[in-house]
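*Asks:* Below: sequence and its predicted model.
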Number of protein chains: 2
Amino acid sequence: MDFEIYYKFLLTLAIILLAARVGGEMAQRYLKQPPVLGELAAGMIISPFALGGLLHDPIVLNFAVIQGAFGLDSFSPLEIISQIAIVVLLFVAGVETDIKSFTRNILPGSAVAFGGVIFPFVLGFLATMLLGNQYGLAGWLFMGATLTATSVGVTVRLFLDMGRLQTKPGTIIVVAAVVDDIISIVVLSMVVSVAQTGSLGLPNAAKILVTSFAAWFVLLMIGMRGNRFISRYLLGPFRRSGTMPVVALLLGFLIAYLATRVNLHPVVGAYLAGLMFAATADREEILQMTRPIMLFLGPFFFAYLGMQVQVSSLWGALALGLTLLVAAIVGKMVGCYIPARLVGKLRNRGGMIVGVGMVPRGEVGLIVAGAGLLAGAISRELFGVAVAISIITTLITPTMLRPFLVKRSTRSLLPE
Amino acid sequence: MDFEIYYKFLLTLAIILLAARVGGEMAQRYLKQPPVLGELAAGMIISPFALGGLLHDPIVLNFAVIQGAFGLDSFSPLEIISQIAIVVLLFVAGVETDIKSFTRNILPGSAVAFGGVIFPFVLGFLATMLLGNQYGLAGWLFMGATLTATSVGVTVRLFLDMGRLQTKPGTIIVVAAVVDDIISIVVLSMVVSVAQTGSLGLPNAAKILVTSFAAWFVLLMIGMRGNRFISRYLLGPFRRSGTMPVVALLLGFLIAYLATRVNLHPVVGAYLAGLMFAATADREEILQMTRPIMLFLGPFFFAYLGMQVQVSSLWGALALGLTLLVAAIVGKMVGCYIPARLVGKLRNRGGMIVGVGMVPRGEVGLIVAGAGLLAGAISRELFGVAVAISIITTLITPTMLRPFLVKRSTRSLLPE
């Protein structure tokens, strides 16, 4: 038992979280930007491809990829901590959600999600076909699918940082981001089936679509209808020892895992679990005790995301990359603006907030791109492009949002 | 990127922490025992050698040992989380410590630590020599060394659970457990040197002894003298955003790692870092925000400890195991009782509380035994015995302590 390796992970955790905190603080104080951007930038600076690489240590500020275990290509222990972090973050975001406003916005939110999937998919597919013809049908489909995702994590963090999670556009975005996640996973499964069989496995895709939405609906219903039961029988026994909020969070972890069993990303489960507890009388107490845990672990996810960017690898696919970036931004904005106006009945400004707010890609886009990489459908350069699009769309969103938010002090966004 | 493996770790985390919480709650409510015992027992029940083994999954409730990576025998990702958990726990324990009482008890605490090392070492050495003659000098020394450790983590948790961390016996025990850790590491390095070279490397051991104590002293002095500087320049910038306690905890992680660079266990660094902040005006705010993090993660360490017990492997070394168990208990009690009375000026009852309170072994004992296993000096059975001693000494301590604590309601322990 050589404990040195574990100690180095402790060090890595400390450095990543400290860098994220310093970056977040600097972004907020000196650049007037949401902390999440500073956390991403801090990750890029200490990444194995930048500062971390200079250390020449397999573990400290590196991913300590363990090859060949479990028949997997790679296994990064830091990924586990990153998953824990995002689950805590989305759980707390769920608990903070105004549940009435959430249910009221399910229809416009779903419409925004569908629009935000279709436009970027078509644009991404066409751009890759024109500029990356060598990748073939599977490659074109994969890059299209990569652009469909909206990062629930990043989006929620942005609106949380700006104190706008509770506004109508904020709620529509959260609903849309959660629904978007389901659709993206369905698109991914269709694309994988094309890459493997050469043809579109429509029955299989339909099956995933139905089970995903059914699971989503069931979780939501349990939360809505069963919250009194949950509060009394699941949380009740732990109230006297003061550990009730911890148990709620742990149930969130369990539900996050269960969501993955029906092909949803764990953050969807974590968010829905949070929503479930938001409907109980224990909401305030849960928030009070889980928020410190989120403040401690949450930044890890974003710094770790930043750490994955290898800036130097992007030059090889610069033209296609820039085109895809434009497709990602324009596709999402147009695809979300239209339903936000038509179905969500928002004015121009509210529609733009939704359109721009949906732009950040994130974990789901990376999952899709990673699957494409594994299937051999896209190159390592294109994978780098997908990561860069995740980062850049996140970096520019707050700045793009600003023109639509300036009048905040004189006029609330709520009635829009 | 097959995310399934990461999802299974999420599930494992959730099950372990939920089992620990349920176990802790049951121990407290129905058995009137400290929660830590329930957490240990829960770990034993869900361990890979019990319930977890029935799942036949390499990850879920198993250690997912990754062989051969980094030239190490094994690498368990859960061990990282367990290390994070114990660092958070000891950091919070440090912040909670009454710093004046701590410094006042350094002399009696150190005397208790030395007594608590010498007696169990001699008894353990003799017992292994008589009943396990086949292991040779290195084996006898290793088992002696295994018995010297006192678990800072378990001891602090026990006294925290019983609300007695702030009493005089409580403080002496914490000081002694921290000093004990340093001595145990020195003993380990001597024993390893015997196993490797066949002779006692006294100059090397002296070097470790001096650097360890020097580092310990320096950390303590920085905390005592520099806390105003720390408070203003290190924590100050993060006060406005409300993340100051998180930064304090992260500095604790950094110091925990630095402690390992001078051969101390990270928990010693984490505890000293906590002490450092206990001396600042930010103490209350730090406690308020880090306690939820401790309540969330802390139980993982103890459940994980319980998961490592393979009950069935113990029968092969039953006679030697029982003898070593008696040596571990009697040696620690006698070795600590005498200096607690003579140097600590405690009465009989206070002396017994210190003697019994020092009995729990734990992480350091396991490190020593693990090193012995790697060096081939002890068998897998004897390693199992060392783990069992860790658990059993922890399990029986609260019950053994009870006769000396009964009068609590009528009379405070503080003046003893």
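*Replies:* Perfect, thanks for sending it.

*Asks:* which element is the residue in the stretch 201-350 of chain A positioned nearest to chain B on?
*Replies:* Of all residues in the stretch 201-350 of chain A, the one sitting closest to chain B is A:F253 (3.6 Å; Cβ to the nearest Cβ). Placement of C-beta: from N, CA and C, glycine included. Taking DSSP states H and E as the definition, A:F253 sits inside helix A:244-261.

*Asks:* okay, that helix in PDB with CA atoms only?
*Replies:* Coordinates of each C-alpha in helix A:244-261 appear next as PDB, following Å, rounded to 0.1, in the frame of the first residue of the first chain:
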ATOM      1  CA  MET A 244     -31.800  15.100   7.200                       C
ATOM      2  CA  PRO A 245     -30.300  17.300   4.500                       C
ATOM      3  CA  VAL A 246     -27.400  15.000   4.000                       C
ATOM      4  CA  VAL A 247     -29.800  12.100   3.600                       C
ATOM      5  CA  ALA A 248     -31.700  14.100   1.000                       C
ATOM      6  CA  LEU A 249     -28.600  14.800  -0.900                       C
ATOM      7  CA  LEU A 250     -27.600  11.100  -0.800                       C
ATOM      8  CA  LEU A 251     -31.100  10.200  -2.200                       C
ATOM      9  CA  GLY A 252     -30.200  12.700  -4.900                       C
ATOM     10  CA  PHE A 253     -27.100  10.600  -5.700                       C
ATOM     11  CA  LEU A 254     -29.100   7.500  -5.800                       C
ATOM     12  CA  ILE A 255     -31.700   9.000  -8.200                       C
ATOM     13  CA  ALA A 256     -28.800  10.500 -10.300                       C
ATOM     14  CA  TYR A 257     -27.600   6.900 -10.800                       C
ATOM     15  CA  LEU A 258     -31.000   5.500 -11.500                       C
ATOM     16  CA  ALA A 259     -31.400   8.200 -14.200                       C
ATOM     17  CA  THR A 260     -28.300   6.700 -16.000                       C
ATOM     18  CA  ARG A 261     -30.100   3.300 -16.100                       C
END
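
*Asks:* now that helix: how far from the chain's centre is it?
*Replies:* Remark: helix A:244-261 is offset 18 Å from the chain centroid, using Cα atoms, centre = their mean, to the nearest Å.

*Asks:* Now do the buried residues in it.
*Replies:* A:244-260 (16 or more other Cβ atoms under 10 Å in any protein chain shown).

*Asks:* separation between the nearest residue to the residue of the stretch 201-350 of chain A closest to chain B once chain neighbours are set aside and A:V387?
*Replies:* Spatial nearest neighbour of A:F253, chain neighbours left out: B:A14 (3.6 Å); criterion: Cβ to Cβ, 6 or more residues apart in numbering or on different chains. B:A14 sits 29 Å away from A:V387, going by Cβ to Cβ, to the nearest Å.

*Asks:* again with A:Q134
*Replies:* 21 Å.

*Asks:* quick one: which of those two has more around it?
*Replies:* Neighbour count, other Cβ atoms under 10 Å in any protein chain shown: between A:Q134 and A:V387, A:V387 has more, with 23 against 7.

*Asks:* need the contact list for that one.
*Replies:* Neighbour list for A:V387: A:Q308, A:V309, A:Q310, A:L366, A:A369 [criterion: Cβ atoms under 8 Å, 6 or more residues apart in numbering or on different chains].

*Asks:* contacting residues around the closest residue to A:N348 other than its chain neighbours?
*Replies:* Using Cβ to Cβ, 6+ apart and skipping residues adjacent in sequence, the residue nearest A:N348 is A:R341, 7.6 Å away. By Cβ under 8 Å, 6+ apart, the residues touching A:R341 are A:R347, A:N348, A:G351.

*Asks:* Can you give me the buried ones in the one helix or strand A:R225 maps to?
*Replies:* Assessed by DSSP H and E, A:R225 sits inside helix A:202-229. Buried residues in helix A:202-229, counted by 16+ other Cβ under 10 Å: A:A205, A:I208, A:L209, A:S212, A:F213, A:A215, A:W216, A:L219, A:L220, A:I222, A:G223, A:N227.

*Asks:* Hmm, A:P58 and A:F9 touching each other?
*Replies:* No - using Cβ atoms under 8 Å, A:F9 is not in contact with A:P58, being 11.2 Å away.

*Asks:* Look at these two and report which has more neighbours.
*Replies:* Counted by other Cβ under 10 Å, A:F9 and A:P58 do not tie: A:F9 has more neighbours, with 22 against 15.

*Asks:* and the gap between the closest residue to the more buried one other than its chain neighbours and B:F301?
*Replies:* Once flanking residues are discounted, A:F9 sits nearest to B:I80: 4.7 Å by Cβ to Cβ, 6+ apart. Distance of B:I80 to B:F301, given as Cβ to Cβ: 12 Å.

*Asks:* who has more neighbours, the two?
*Replies:* B:F301 (30 against 22).

*Asks:* what helices or strands is the helix or strand where that one lies leaning on?
*Replies:* B:F301 is located in helix B:283-307, with elements delineated by DSSP H and E. Packing contacts for helix B:283-307, counted by 3 or more Cβ pairs under 8 Å, 6 or more residues apart in numbering or on different chains; DSSP states H and E, involve helix A:244-261, helix A:283-307, helix B:4-30, helix B:35-46, helix B:77-96, helix B:152-161, helix B:244-261, helix B:380-405.

*Asks:* again, only using 7 Å
*Replies:* Packing partners of helix B:283-307 (3 or more Cβ pairs under 7 Å, 6 or more residues apart in numbering or on different chains; DSSP states H and E): helix A:244-261, helix A:283-307, helix B:4-30, helix B:35-46, helix B:77-96, helix B:244-261.

*Asks:* Let me have those helices in a markdown table, adding mean pLDDT as columns.
*Replies:* Shown next, in a markdown table, are those (pLDDT from 0 to 100):
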| stretch | mean pLDDT |
| --- | --- |
| helix A:244-261 | 91 |
| helix A:283-307 | 90 |
| helix B:4-30 | 90 |
| helix B:35-46 | 85 |
| helix B:77-96 | 87 |
| helix B:244-261 | 91 |
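
*Asks:* Same list (those helices) but as TSV, adding distance to A:L234.
*Replies:* Output for those, formatted as TSV (distance: least, Cβ to Cβ, whole Å):
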stretch	distance to A:L234
helix A:244-261	7
helix A:283-307	12
helix B:4-30	11
helix B:35-46	17
helix B:77-96	24
helix B:244-261	29
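
*Asks:* Indicate which one of the ones you listed is closest to A:L401.
*Replies:* Smallest distance to A:L401 across those (Cβ to Cβ): 17.6 Å, for helix A:283-307.

*Asks:* Buried ones in the closest one, by neighbour count?
*Replies:* Neighbour-count burial for helix A:283-307, with 16+ other Cβ under 10 Å as criterion, is recorded at A:283, A:285-287, A:289-307.

*Asks:* Now the element after it, going C-ward?
*Replies:* helix A:318-342.

*Asks:* Could you tell me the average pLDDT over that next one, please?
*Replies:* Average pLDDT, helix A:318-342: 91.

*Asks:* That one: how far from the chain's middle?
*Replies:* That offset, for helix A:318-342, works out to 17 Å (Cα atoms, centre = their mean).

*Asks:* With stretch A:101-120 instead?
*Replies:* With Cα atoms, centre = their mean, you get 16 Å for stretch A:101-120.

*Asks:* Could I get the full set of helices for the stretch 51-200 of chain A?
*Replies:* A:51-54, A:77-96, A:99-104, A:106-131, A:136-148, A:152-161, A:168-197 (DSSP state H, counting those that start in this stretch).
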